[in-house]
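**Student:** Need coordinates for the below:
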Amino acid sequence: MTDHVDAAGVEELRSHVIAYNLAATGYTTGVPLGCLVRDSSGRLIAGLDGFTWGGYAKIEWLWVQDAHRRTGLGTRLVEEAERESARRGCVVVRVDTHTFQAPDFYARLGYSLIGRVRDTPVGHEEVFMQKRLHPEHP
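**Tutor:** Below you'll find the predicted structure:
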């Protein structure tokens, strides 16, 4: 075991896992989902990154610069990701967050708790949430 794995090796590993997942499920059209917001000087002030695949979406990263929090920017990014996910035929959006991050933010947007893991990191919890985009498909 090592604390350093080169980026090319990680990409190779990911490609093998993705190839396996595609073959095992028959869902072969994973598509990136994201948006970056920059100020007039090109500095990143907010962004969302994730993917859609097999009828669901996953928000992997969401960040808003401190000065732009509580302005509705994060909400707009998530809502736009939800709209695009629905347009792509997704029925659910998933997100993993931590107790020191944004579980209340996602709850206000209609995400429900589906699981949590204590001490990840120690003294905190990882929180797993989802939102059904089409409530008629429980």
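
**Student:** which strands and helices sit next to the longest helix seen in the chain?
**Tutor:** Looking only at the chain and at elements set by DSSP state H, the helix with the highest residue count is helix 7-25. Taking 3 or more CB pairs under 8 Å, 6 or more residues apart in numbering; DSSP states H and E as the contact definition, helix 7-25 has no neighbouring helices or strands. The C-beta positions use only the backbone N, C-alpha and C, and glycine is treated the same way.

**Student:** so the residue positioned nearest the centre of the chain is in which element?
**Tutor:** The C-alpha lying nearest the average C-alpha coordinate of the chain belongs to I59 (CA atoms, centre = their mean; 1.2 Å). I59 is part of strand 56-64 when elements are defined by DSSP states H and E.

**Student:** Could you list every helix and strand in contact with that strand?
**Tutor:** Counting contacts by 3+ CB pairs under 8 Å, 6+ apart, strand 56-64 is packed against strand 44-53, helix 73-87, strand 92-98.

**Student:** Go ahead and name everything in contact with that strand.
**Tutor:** By CB atoms under 8 Å, 6 or more residues apart in numbering, the residues outside strand 56-64 that reach it are 33, 45-52, 73-74, 77-78, 81-82, 85, 88, 90-96, 102.

**Student:** Sheet partners, orientation included, of that strand?
**Tutor:** Using DSSP bridges, the strands paired with strand 56-64 in its sheet are strand 44-53 (antiparallel), strand 92-98 (parallel).

**Student:** Just want the angle from that strand to helix 73-87.
**Tutor:** What separates the directions of strand 56-64 and helix 73-87 is an angle of 160 degrees, with axes from the mean of the first three to the mean of the last three CA atoms, to 10 degrees.
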